[in-house]
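Asker: Okay, here's the prediction I keep looking at, along with the sequence it came from:
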Amino acid sequence: MSSSTDDAATQAAGRLGFTAGQVIQEFGYDDDVDGDLRSGIEAATGTDLVDEDYDDVTDGAVIWFRDDDGDLTDFLVDAMTVLDDNGPIWVLTPKAGRAGHVSHSDIEEAATTSGLHAMSTFSIAADWSATRLGTRGRGK
C-alpha cells in the first residue's frame, strides 16, 4: 500500500470514529472487502480486527454486508452480544449499482428490529458505503 493510499485509508477509518486501543469486531469478511479500509481501521486502533468468534467485550463492530448474505438482523444481534454499551456498529454495504447493494430501508428495518437505529450513511471506500447504527437512548 502506498503512503497516499495508506493515508486515505487511515482518514476513512478515522471517519468511523475508532481510536487507539479499541477492539473492533469484524463480521462478514470475504475476498471482496476493502483491504485498505481494514488496514486503516487497524492502524487507527493499533490492534488487529477480531473475528466473529471473539467472545470478550468489544468497543465497536464492522459488518460487511451484501444483499445475499442472509438476515442482517442476525448479524446485528451477534454484534451486540459482546459490544460495549455505547460502541458503534457500522454496516458496510456495496454502493448503489454494485453487486450486492443493500437498500437503506433494508438496513433501517434490520436496525429497528434489533433495537437500533440508523444514524448516518456516507461513502467510505471505492465500492462501499458505511451506515452507523446506534442504540435508541431514552429521552435523548
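Answerer: Structure received. Residues are numbered from 1 along each chain as shown.

Asker: so what pLDDT did residue 8 get?
Answerer: On the pLDDT scale, residue 8 is placed at 76.

Asker: what about it, which SS state?
Answerer: The assignment at residue 8 comes out as helix when based on DSSP: H, G, I helix; E, B strand; the rest coil.

Asker: Do I have it right that it meets residue 36?
Answerer: Yes: at 7.3 Å, residue 8 counts as touching residue 36 under the criterion of Cβ atoms under 8 Å. Quick note: C-beta positions are derived from backbone N, CA and C, even for glycine.

Asker: Compare those two (neighbour count), which wins?
Answerer: residue 36 (19 against 16; other Cβ atoms under 10 Å).

Asker: Assess the claim that residue 73 and residue 116 are in contact.
Answerer: No: using Cβ under 8 Å, residue 73 is not in contact with residue 116, being 9.7 Å away.

Asker: How about the secondary structure of the residue lying closest to residue 27 once chain neighbours are set aside?
Answerer: Closest residue to residue 27 apart from its sequence neighbours, by Cβ to Cβ, 6 or more residues apart in numbering: residue 63 at 4.4 Å. Taking three-state DSSP as the rule, one finds residue 63 in the strand state.

Asker: Next one: residue 63 relative to residue 40, how far apart?
Answerer: According to Cβ to Cβ, to the nearest Å, residue 63 and residue 40 sit 17 Å apart.

Asker: cool, residue 77 as well?
Answerer: Noted for residue 77: a distance of 27 Å to residue 40, by Cβ to Cβ.

Asker: Mind checking which of those two has more residues around it?
Answerer: Neighbour count, other Cβ under 10 Å: between residue 77 and residue 40, residue 40 has more, with 27 against 15.

Asker: For the more buried one, list the residues it contacts.
Answerer: With contact set as Cβ atoms under 8 Å, 6 or more residues apart in numbering, residue 40 has these partners: 6, 8, 9, 10, 11, 12, 13, 14.

Asker: go on, residue 102?
Answerer: The contact partners of residue 102, taken as Cβ under 8 Å, 6+ apart, are 65, 66, 67, 72, 91, 93, 94.
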